[in-house]
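Colleague: kindly return the folded structure for what I paste below:
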Amino acid sequence: MDSKRTWIIAGIFILAIGMCLCGLLIFLISRSGWIIRQFGSVMPTDTTLPTSTQTAIPLPDPTTEATPFIPFTETPPPTETTGLDLEILEQMDEIEVQVMDLRGLWTTGPVPRSLLTKDELRQRVMEDFLADYTEVEAQDDVRVLALLGLLEPEFDLLGFYLELYSEQVAGYYDDEAKEMFVVQDEGFKGPERLTYAHEFTHVLQDQIYDFQEGLNYTDEFCEAESERCAALQAVIEGDATYLEEQWLRNYATPKDIMEILDFVGSYSSPVYDSAPDFMQEDFLFPYTYGTDFVREIHFEGGWAAVDALYANPPVSTEQILHPDRFPGDLPILLEAPDLEASLGGDWREIEHNVLGEWYTRLTLDEYVEYDLAVQAAEGWGGDYYVALYNDENNQGAFVLMTVWDRVKDAEEFYLTFEDYGENRFGSGSISTLSSTWASSEGHVLIERWGNQTLWILAPGAQELENLRGAIEFPPPGS
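Modeller: Numbers count the residues shown, from 1 in each chain. Here you go, the predicted structure:
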């Protein structure tokens, strides 16, 4: 399940019209220019940024040879290019200057840049994004998501990703190859210019803060720490998307606006539209909630406060969903037990990690009303989950142990899970502190003790009993 969040390398910008940035912004053209409305509210025409109340992370020292520094000038440094004509190069150079001016970060060196056709993009999706994502890994991800009730067990996740990213990616920055790409429609028009502003922000982020070495934003980190990785990705994409909004306000021309409007009017996304609801929401999480988070941080302290996020980034989706809880509300770290032995030699652990508030919400939302899911997931304090699979019998098992901020939060989750269980598994045996279900999907147990809950899903009564016996709940001292 890690891959759904993590192999989307830093810099993939989703131009999902109607769902992401361009869907959130409605452009109104008037005789006096253009006004941007967001969710029906006129955005202020005063673009003065708040005065910073925090100290920014120091930028590279111009006198240090180990970290070359190029000061901001009227033109950016020469950049390697592939197959671009002079007019497009000049536009890219201009956008780079504008982005550096808005963001307050200066490039440390040139980055190769080029336009891709749709066919070239599809090839790169296969060669770059999916090359290390095997059919076996994809199938195990499907098994975890199926245990959560989010996907059907036979879902072709690998094939779906190929089609989805071929359709949705408008541009990306490859932080390993240090290259920037924009997918072209019919040249370098408003949509491509908007995307370029976003992607060049990723270049600046990587050059100044170093995705891999400085932020540890790697495949290995994300596989082991999917919750932290989701929070970090939200900062990276939220920063770039918020800057993109600023570029749109300050530098987009009336011609850009008209071309974006034309693009919006003709855009379709059949692959995205066919995705399960949870996948659509998760796909956009770093761009929507990440942007809201960065906007809140920027409002409080300007770009200096956003810069400070890279030294002390949020560590949970809870902090992204609730910016007021950053940085103080840290998750409680729970150690997942080894449960393979309790089920016998034919079972293997396919994954253990942290579910987090965001995926707790998505899981509940499949079978209960959205507002109930949001309320029940709030108050999340920490968790672990373990997913196991028996290849011989084609059976799976799942354990989720969650600690909540308050007893009341645990009660809300437990009561909502009763509705979830009734809707997913059918009629069960319900009581105040422990409820069970038996259905075609397996045997289910939910328990509550104080501010903690335990959910077990197993193929049969014996496996459920074995798993329950191997888990200390409530933990000693609670």
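Colleague: which other helices and strands contact the one helix or strand residue 291 maps to?
Modeller: Using DSSP states H and E, the element containing residue 291 is helix 277-308. Helices and strands touching helix 277-308, by 3 or more CB pairs under 8 Å, 6 or more residues apart in numbering; DSSP states H and E, are helix 3-6, strand 13-14, helix 21-24, helix 226-250, helix 317-321, helix 356-365. Any C-beta I mention is one placed from the backbone N, CA and C, and that applies to glycine too.
Colleague: and these as JSON lines, adding mean neighbour count and distance to residue 140?
Modeller: Output for the helices and strands packed on helix 277-308, formatted as JSON lines (neighbours: other CB atoms under 10 Å; distance: least, CB to CB, whole Å):
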{"stretch": "helix 3-6", "mean neighbour count": "22", "distance to residue 140": "9"}
{"stretch": "strand 13-14", "mean neighbour count": "27", "distance to residue 140": "25"}
{"stretch": "helix 21-24", "mean neighbour count": "20", "distance to residue 140": "33"}
{"stretch": "helix 226-250", "mean neighbour count": "24", "distance to residue 140": "14"}
{"stretch": "helix 317-321", "mean neighbour count": "26", "distance to residue 140": "22"}
{"stretch": "helix 356-365", "mean neighbour count": "24", "distance to residue 140": "16"}
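Colleague: out of the ones you listed, which comes closest to residue 170?
Modeller: For the helices and strands packed on helix 277-308, the distance to residue 170 is smallest for strand 13-14, at 5.4 Å, taking CB to CB.
Colleague: can you check my assumption that residue 401 lies in a strand?
Modeller: Yes: assessed with DSSP: H, G, I helix; E, B strand; the rest coil, residue 401 lies in a strand.
Colleague: ok, so what distance separates it from residue 337?
Modeller: Noted for residue 401: a distance of 9 Å to residue 337, by CB to CB, to the nearest Å.
Colleague: compare those two (neighbour count), which wins?
Modeller: Taking neighbours as other CB atoms under 10 Å, residue 401 and residue 337 compare with residue 401 leading, 25 against 17.
Colleague: so residue 374 touches residue 360, yeah?
Modeller: No: counting by CB atoms under 8 Å, residue 374 does not reach residue 360; the two are 10.1 Å apart.
Colleague: in stretch 379-391, what's buried?
Modeller: Neighbour counts over stretch 379-391 (16 or more other CB atoms under 10 Å) mark 379, 380, 381, 382, 383, 384, 385, 386, 387, 388, 389, 390 as buried.
Colleague: among the residues you listed, which lie within strands?
Modeller: Those of the buried residues of stretch 379-391 mapping onto strands are 380, 381, 382, 383, 384, 385, 386, 387, 388, 389, 390, per DSSP state E.
Colleague: list the contacts of the first one.
Modeller: Put plainly, it is residue 380. 318, 331, 356, 357, 360, 402, 404, 405, 409 (CB atoms under 8 Å, 6 or more residues apart in numbering).
Colleague: need the pLDDT of the first one.
Modeller: By that I understand residue 318. pLDDT for residue 318: 98.
Colleague: how deep is the spatially closest residue to residue 239 that is not a sequence neighbour tucked in, by neighbour count?
Modeller: In space, residue 239 comes closest to residue 294 once its chain neighbours are excluded; the distance is 5.2 Å by CB to CB, 6 or more residues apart in numbering. Residue 294 has 26 neighbours, counted by other CB under 10 Å.
Colleague: relative to residue 184, which of the helices and strands packed on helix 277-308 is closest?
Modeller: strand 13-14 (14.0 Å).
Colleague: ok, residue 157 to residue 146 distance?
Modeller: In terms of CB to CB, residue 157 sits 10 Å off from residue 146.
Colleague: residue ranges with poor pLDDT in the protein?
Modeller: The model of the chain has pLDDT under 70 over residues 1-83, 185-186, 477-478.
Colleague: try 90 this time
Modeller: By pLDDT under 90, the low-scoring segments of the chain are 1-86, 88-89, 113-134, 161-177, 179-188, 219, 263-269, 344-345, 474-478.
Colleague: how about the strands of it, start to end?
Modeller: Along the chain, the segments classed as strands by DSSP E run 13-14, 25-30, 33-38, 41-42, 81-82, 113-116, 169-174, 179-183, 347-353, 380-390, 395-404, 434-439, 442-449, 452-458.
Colleague: for those, which one sits closest to residue 200?
Modeller: Closest among these, using CB to CB: strand 179-183, at 6.9 Å.
Colleague: on that earlier part again, as JSON lines, the ones in strands among the buried residues of stretch 379-391 with distance to residue 305 would be great.
Modeller: Shown next, in JSON lines, are those (distance: CB to CB, whole Å):
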{"residue": "380", "distance to residue 305": "25"}
{"residue": "381", "distance to residue 305": "26"}
{"residue": "382", "distance to residue 305": "26"}
{"residue": "383", "distance to residue 305": "29"}
{"residue": "384", "distance to residue 305": "32"}
{"residue": "385", "distance to residue 305": "33"}
{"residue": "386", "distance to residue 305": "37"}
{"residue": "387", "distance to residue 305": "38"}
{"residue": "388", "distance to residue 305": "43"}
{"residue": "389", "distance to residue 305": "44"}
{"residue": "390", "distance to residue 305": "49"}
